[in-house]
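**Q** Quick one: sequence and predicted model below, then my questions.
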Amino acid sequence: MLLDPRAPRFAAVITTAVLAVALVTGSTILLLVQAVIFAVTAANPRLGPYGLLYRAVVAPRVAPPTELEPAAPVRFAQLVGLVFVAVAAIGYLAGVPALGLAATGAALAAAFLNAAFDLCLGCVGYLALRRLAGRPMAARVPAGLS
C-alpha cells in the first residue's frame, strides 16, 4: 500500500497540537484518545482519523502527489507514537507525572519534527532497521510508478 506523504504530515500537525495541549494540561484523557488514533492508524493508515480528514478536506483542494511512500514505515511510526503516549498515560495514572511529561514531550518532539520539517523519526528508524536486516526499501517513489 502506498500513501500520499502529505497525509501523515497533516496528521503530524494535528498530533502536535493535541500533544502540546496534553503536555500543558496533563490530560490523560487526551493522551488516551491520541493512543486510540495511533492504534487505528498503525493497523491501517487509510482508516486513521487524521488521514480520513486529510482525504476528505485537504486532498480535493491540492494537486495530486508527485511521490508516494510505503505504508509500512508510517505504520511503524504510529506504533512508536502509541508506545510513547501509552507510557505517558500510565505515568500520569500511576501518579508519576515526570514520566508522563517526559513521554509526552518525546512524542511531541517527534510529531513536531514531522509536521515542521517532514522528518518522520519512526519512518527513518523503520528504514534503518530494514537496511540492517538486509532488506532495504525506498522511502518514497514517484507517483507514476505505483
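**A** Good, I have the coordinates.
**Q** Please give the number of neighbouring residues around Ala139.
**A** 15 (other C-beta atoms under 10 Å). (Each C-beta comes from the backbone N, C-alpha and C, glycine too.)
**Q** With Arg61 instead?
**A** Using other C-beta under 10 Å, Arg61 has 6 other residues around it.
**Q** Gly105 sits in which helix or strand?
**A** When elements are assigned from DSSP states H and E, Gly105 belongs to helix 97-117.
**Q** List of residues touching that helix?
**A** The set of residues external to helix 97-117 that reach it, using C-beta atoms under 8 Å, 6 or more residues apart in numbering, is 8-9, 12-13, 15-16, 19-20, 22-23, 26, 28, 31, 77, 80-81, 84-85, 87-92, 119-122.
**Q** same check, this time on stretch 57-74
**A** With C-beta under 8 Å, 6+ apart as the test, stretch 57-74 has contacts from 1-8, 10, 41, 45-46, 120, 122-123, 126-127, 137-143, 146.
**Q** one more time with 7 Å
**A** Outside stretch 57-74, the residues within contact range by C-beta atoms under 7 Å, 6 or more residues apart in numbering are 1-6, 8, 10, 45, 123, 126-127, 137, 139-143, 146.
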